[in-house]
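Engineer: attaching a predicted model along with its sequence, questions to come.
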Amino acid sequence: MSVDLKEIDVHPIAEMFRLLGDPTRLRILLACLDEPRSVGEIAAHAGASQSLASHHLRLLRGAWLVKGTRDARQVFYQAADQHVRHMLANVIAHSVEEVHDP
């Protein structure tokens, strides 16, 4: 890694991982990875109510993990950028590896 680790503020990083530690929030973020989706679609995918999905989306927006785009009266959410997509793809790939060293 070319970043000076002594210069990194780990608090925002820890907060991001804390947010992703909630299974519902993680399912919500996964629902938004490939294409913009409405709150109703996200809620259905995550198995949550629309009000709960909206609450979690607000938190994920605050952490810059998702972004919303308004179309008339509806907001469509998607992953904020490729960094979020790559981070989750790497975590998923790591979690499903067949061989884990002790």
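Structural biologist: That came through, no problem.
Engineer: helix or strand: which one has the residue most central in space within the chain?
Structural biologist: For the chain, residue 29 is the residue whose C-alpha lies nearest the centre (CA atoms, centre = their mean; 3.6 Å). Per DSSP states H and E: residue 29 is located in helix 23-31.
Engineer: after that helix comes which helix or strand?
Structural biologist: Counting by DSSP H and E, what follows helix 23-31 is strand 37-38.
Engineer: which elements pack onto that following strand?
Structural biologist: Identification of packing neighbours for strand 37-38 by 3 or more CB pairs under 8 Å, 6 or more residues apart in numbering; DSSP states H and E yields strand 74-79. To be clear about C-beta, it is placed using only N, CA and C from the backbone, and glycine gets the same treatment.
Engineer: rerun that using 10 Å as the cut-off
Structural biologist: Applying 3 or more CB pairs under 10 Å, 6 or more residues apart in numbering; DSSP states H and E, we find strand 37-38 packed against helix 39-46, strand 74-79.
Engineer: ok, residue 84 - contacts?
Structural biologist: Neighbour list for residue 84: 16, 20, 29, 32, 33, 60, 63, 64, 65, 66, 67, 78 [criterion: CB atoms under 10 Å, 6 or more residues apart in numbering].
Engineer: again, but for residue 30
Structural biologist: Applying CB under 10 Å, 6+ apart, the residues contacting residue 30 are 42, 45, 46, 79, 88, 92.
Engineer: roughly how far does it sit from residue 7?
Structural biologist: Residue 30 sits 31 Å away from residue 7, going by CB to CB, to the nearest Å.
Engineer: one more: residue 70?
Structural biologist: As judged by CB to CB, residue 70 and residue 7 stand 37 Å apart.
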